[in-house]
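Student: 3D model of this:
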Amino acid sequence: MLSCMDTGEKDFQRSLGKESHRGNTYAEVVFTNHIIITAGEEHAAPQRQSAGWETALAPHTGAEDARVTSLHHCSLHVVLLNIMAAGFKTAEPLEYHRSFLKENCRPDGRELGEFRPTTLNISSISTADGSALVKIGNTTVICGIKAELTMPPSDAPNKGYIVPNVDLPPLCSSRFRPGPPGEQAQAASQFIADVIESSDLINREELCIEKSKLCWVLYCDIMCLDYDGNLLDACIIVLLAALKNARLPEVTINKETDLAEVDIQKKRHLKINRHPVGSSFVIFDDSIIIVDPTAEEESLSTALLTVVTDEEDRLCAVHKPGGTSLSGEKLQHCINRAITRNKEISKLVDKVIESMKMAK
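Tutor: This next block holds a predicted model:
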C-alpha cells in the first residue's frame, strides 16, 4: 500500500489525572521530560525505576508541590479551553469554521488548497476480475469489477458495456439508511458513468468479441466503507485503479457449435485510453474556495464543485449541483488545481501498478 501525502492532519490531545496525594503514595499525574505519566491511586509503585518514576515516588517537598500545582492548573486551563472549543463547534459549527478560514487554515490543520493524504491499494478483492481500495483522509472506497459475457446492444452492435454502481451503505455513515439507493448514491453512479463516457476512459469497441453476437459487460461495483466527504474524487480514483488492475480471459467463438469458449489460462489487461482524475471543491460564504472537503465542510458550504481532467490536461467534466455561482476566474483557478492533482494521482497509480509487477 502506497500513499500520496499532501499534508498530515494535526490532532493534539491531552489527558489529566486527579489531584496529587501525599505521604507514601505517588502523584496521579507527573510531568517529566514532556511526557505525562498517569499512575494508579493508592497502588504499589511500578517496579520500573526511571527518572520519571523516581520523581513520582519521592516524597513531595514544598517546591515540588508548587510545581505540580502549577502544572495542574495549566493543564486544567488547556482542558477547559478544549471543552469550550468543542462546545463552540457544536453550537455554532459555521462560525467555528469561519474562525479558522480567517487565518487561511482549516480545523484539521490543512491549508485551504491542500488535499488529505491519499492511499491506494490494488488487487484488494481476490474473487474479482479487478479491484482497488482508496482512502482520502478518512473517506474509504473499494471497487470490485466482475466481467460477464452478453449480447452487444442493438444500437451499438460492436461495443461492450461498462456499468458503474456506487453504494453508500449505513456502515459508512449514519446519514445513510438501509434500502434502495438514495439520491446521493444515484447521482454519484450517474456522474461516474458520464465521466467514463466523456473522458474516453476505455474504448468500448475493445470489449466486443464478435459483432452483434458477443461482448463483455464490466460491472463496476463501488462501495463506500467510511464516508468523510469528497466521495466523487475517491470513486474516480478507485475505478481507474481497478480497471487498470482488471484482467479478462481470452474468448473465442467456436465456428461449428457457435458457442463461446473461454480460456482462463490466457488473460489480458484492459487498454486504458485516458486517466481521468477528479478534484472537488466547496465554497464558503460565496467567496472562499477550499479543496478536498470533509463531510462537515460539505454540509456547511454554499456550493460544491468537481472538476475532472485527464493526463493531457483536457477538461473531461465539471459537476456543480446548484449553489453559489462561480466567476470565470475562480473556475479557472479550480481547473488549474485539478490539473496539478491529476499529475499527483497518476504518479501514485503508476507507482502502485509498478510495485505489483515487481512483486510478481
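
Student: so for Glu9, what's the pLDDT?
Tutor: Looking at Glu9, its pLDDT is 40.

Student: then Ala56?
Tutor: 38.

Student: number of nearby residues for the nearest residue to Glu297 once chain neighbours are set aside?
Tutor: Counting by Cβ to Cβ, 6 or more residues apart in numbering, Glu297 lies nearest to Val282, which is 5.7 Å off, once chain neighbours are set aside. Where you see a C-beta, it was placed from the backbone N, CA and C, and this is true even at glycine. Residues lying near Val282 (other Cβ atoms under 10 Å) number 24.

Student: against Arg98, how distant is Val282?
Tutor: For Val282, the distance to Arg98 (Cβ to Cβ, to the nearest Å) stands at 14 Å.

Student: and the lengthiest helix in the chain, what does it pack onto?
Tutor: Longest helix of the chain, by residue count under DSSP state H: helix 328-359. If contacts are counted by 3 or more Cβ pairs under 8 Å, 6 or more residues apart in numbering; DSSP states H and E, helix 328-359 sits against strand 2-4, strand 118-122, helix 231-245, strand 277-284, strand 288-291, strand 303-309.

Student: using CSV, write out every CA atom in the longest one.
Tutor: Meaning helix 231-245. The C-alpha coordinates for helix 231-245 follow below in CSV (Å, rounded to 0.1, in the frame of the first residue of the first chain):
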residue,chain,number,x,y,z
LEU,A,231,-16.8,10.9,-2.4
LEU,A,232,-16.6,11.6,-6.1
ASP,A,233,-12.8,12.1,-6.2
ALA,A,234,-12.4,8.7,-4.4
CYS,A,235,-14.8,6.9,-6.7
ILE,A,236,-12.9,8.1,-9.8
ILE,A,237,-9.5,7.1,-8.5
VAL,A,238,-10.7,3.7,-7.3
LEU,A,239,-12.4,3.0,-10.6
LEU,A,240,-9.4,3.9,-12.6
ALA,A,241,-7.1,1.8,-10.5
ALA,A,242,-9.5,-1.2,-10.5
LEU,A,243,-9.8,-1.0,-14.3
LYS,A,244,-6.0,-0.9,-14.7
ASN,A,245,-5.8,-3.9,-12.4
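
Student: the strands in the stretch 151-300 of the chain, which residues?
Tutor: 161-167, 208-210, 214-226, 247-253, 260-269, 277-284, 288-291 (DSSP state E, counting those that start in this stretch).

Student: tally of neighbours for the nearest residue to Tyr227 once chain neighbours are set aside?
Tutor: In this structure, Tyr227 finds its nearest non-sequential neighbour in Ser173, 3.9 Å apart by Cβ to Cβ, 6+ apart. Ser173 has 14 neighbouring residues, counting by other Cβ under 10 Å.

Student: pretty sure Ser173 is in contact with Ala295, am I right?
Tutor: Yes: taking Cβ atoms under 8 Å as the definition, Ser173 is a contact partner of Ala295 at 7.2 Å.

Student: intersection of neighbour lists for the two?
Tutor: Tyr227 (Cβ atoms under 8 Å, 6 or more residues apart in numbering).

Student: surely Val141 forms part of a helix?
Tutor: No: Val141 is assigned strand when assessed by DSSP: H, G, I helix; E, B strand; the rest coil, not a helix.

Student: tell me the spacing between Gln332 and Glu297.
Tutor: 22 Å.

Student: which one of these two has more residues nearby?
Tutor: Set side by side, Gln332 and Glu297 show more neighbours around Glu297, with 22 against 11, by other Cβ under 10 Å.

Student: the more buried one reaches Ile290, doesn't it?
Tutor: Yes: assessed by Cβ under 8 Å, Glu297 is found in contact with Ile290 at 6.7 Å.

Student: gap between Leu300 and Ser280?
Tutor: From Leu300 to Ser280 the distance is 15 Å (Cβ to Cβ).

Student: overlap of the contact sets of Glu297 and Ile290?
Tutor: With Cβ under 8 Å, 6+ apart as the test, Glu297 and Ile290 both reach 106, 282, 284.
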